[in-house]
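>>> Quick one: sequence and predicted model below, then my questions.
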Amino acid sequence: MQDAPNAARKSHVSLIARIAVATLALLWVVRGQDWRELAGVFRNLNPWCFALTLVVYTAAQMIIAVRWWLLLRAQSIYIEALAALRLFFLGLFYNNLMLGSVGGDLLKAWYVTKHTDRRLEGALSVFVDRAIGLIGTFLLAALAYVLWVRGHIAARSGAREAGAPGWVSQHKGVIALGTAVAVAAMLAFLLLHPAGRARLARAAAGARCRGISLLRRAKDAIVVYCSRPWTLVWALILTLAGQSFVIVAFWLLGRNLGIDAALRYYFVAFPLGWVVGALPISIAGMGITELGTVGFFCYLTGAPRESVLVLVFCQRFVWVLASLPGGLVHLLGTHLPQGEISIDGPERTN
């Protein structure tokens, strides 16, 4: 009887913690900024350029939705492409706009099971789709770094080493010692305190059970998808294409804001910022994505921080506006299966 109240309390604590992380990250990213300078950069923004970025981003999300639709078909789940698109934007809405502890991926996985009898496979397709997206994002950044950026970073690092050492270099010993002491103190408290030991034991048991379940599900998904490698290839191609279109659009927006940086740096900084923002420690990656993108971009290019801040805030606005159709989908109930929607198509022939 106490499981429900405990679960609700943990959910509330998790939500408060993620809101706190988002708030602290946003405060950190805007620290020391002149708000009048930021307002001046915003005034220079061409609304038509922003609208073009929004259109390109929305079109790219449709490409990513097709990627998920292909993964569903690989699992013998035959729903209409339009139904998959509606479910995709529903998940996008909850990922980017809702503060609840249930993410858009979980809701999308839940609602896709309403469209098919292959419930487990449908739910798994959502998380395989997310994994492919993250792999493609990181691969895009890694390729751009190796092919176009690495030499420039090496030259810049050499110039920095010839100059005065930075704050981190001067205090790296103190930072490492303080981190080690903090971690050791937390572990000592957990191990010495009876309640702490009990919490560790419960966490280890829960992680073991969940890990076994996830491994079994991952094994089933891997077996199916590995038997259809071309589906994975096309999924990766769609990932790279959709994200490349978005990055080029933000590059054009950055030029409009006066950022004189080559396109290759966008192909490194933005994907890395997206990967950092995917960590489930904030609300919709808020603050974490901005902090990571600004940090990577300013390090790579030396661009004015206020211009980069406006660019990443525009990115957040684009995400929010492009997610609004998902709220309309939920409001109208079109995410649920209709009478004319085919639940499962014919069995495939190999």
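Everything's here; your move.
>>> I'd say residue 235 and residue 70 touch.
Yes - contact status for residue 235 versus residue 70: in contact at 6.1 Å, counting by C-beta atoms under 8 Å. For the C-beta atoms, the positions are set from N, CA and C on the backbone; glycine is no exception.
>>> These two: which has the busier surroundings?
Neighbours per residue (other C-beta atoms under 10 Å) separate residue 235 from residue 70, with residue 235 holding more: 24 against 20.
>>> Okay, the more buried one and residue 67: tell me how far apart.
Using C-beta to C-beta, to the nearest Å, we find residue 235 at a distance of 5 Å from residue 67.
>>> Show me whatever sits in contact with both of the two.
Residues touching both residue 235 and residue 67 (C-beta atoms under 8 Å, 6 or more residues apart in numbering) are 129, 132.
>>> can you give me the helices for the stretch 51-200 of the chain?
Under the criterion DSSP state H, counting those that start in this stretch, the stretch 51-200 of the chain contains helices at 81-97, 104-112, 119-144, 150-162, 167-192, 194-226.
>>> Let me see the mean pLDDT of the first one.
Right, the one you point to is helix 81-97. On average, the pLDDT along helix 81-97 is 88.
>>> Can you mark which positions in it are buried?
The neighbour-count check on helix 81-97 (16 or more other C-beta atoms under 10 Å) flags 83-97 as buried.
>>> now the third one
Neighbour-count burial for helix 119-144, with 16+ other C-beta under 10 Å as criterion, is recorded at 121-130, 132-133, 136-137, 140-141, 144.
>>> which secondary structure elements does that helix contact?
On a contact count with 3 or more C-beta pairs under 8 Å, 6 or more residues apart in numbering; DSSP states H and E, helix 119-144 meets helix 47-74, helix 104-112, helix 194-226, helix 229-256, helix 263-277.
>>> Can you point out the buried residues in the first one?
By neighbour count with 16+ other C-beta under 10 Å, helix 47-74 contains the buried residues 49-50, 53-54, 56-58, 60-61, 63-74.
>>> Which residues belonging to stretch 315-324 are considered buried?
315, 316, 318, 319, 322, 323.
>>> about what we covered before: which of the helices and strands packed on helix 119-144 sits closest to residue 300?
helix 263-277 (4.7 Å; C-beta to C-beta).
>>> Report the mean per-residue pLDDT for the closest one.
90.
>>> do stretch 16-23 as well
Confidence for stretch 16-23, expressed as mean pLDDT, is 81.
>>> Extract the CA atoms of it and return them as PDB.
Extracted as PDB, the C-alpha positions of stretch 16-23 are listed here (Å, rounded to 0.1, in the frame of the first residue of the first chain):
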ATOM      1  CA  ILE A  16      12.000  19.300  -8.500                       C
ATOM      2  CA  ALA A  17      15.700  18.200  -8.900                       C
ATOM      3  CA  ARG A  18      15.500  18.400 -12.700                       C
ATOM      4  CA  ILE A  19      13.900  21.800 -12.500                       C
ATOM      5  CA  ALA A  20      16.700  22.900 -10.200                       C
ATOM      6  CA  VAL A  21      19.300  21.600 -12.600                       C
ATOM      7  CA  ALA A  22      17.700  23.400 -15.500                       C
ATOM      8  CA  THR A  23      17.500  26.600 -13.500                       C
END
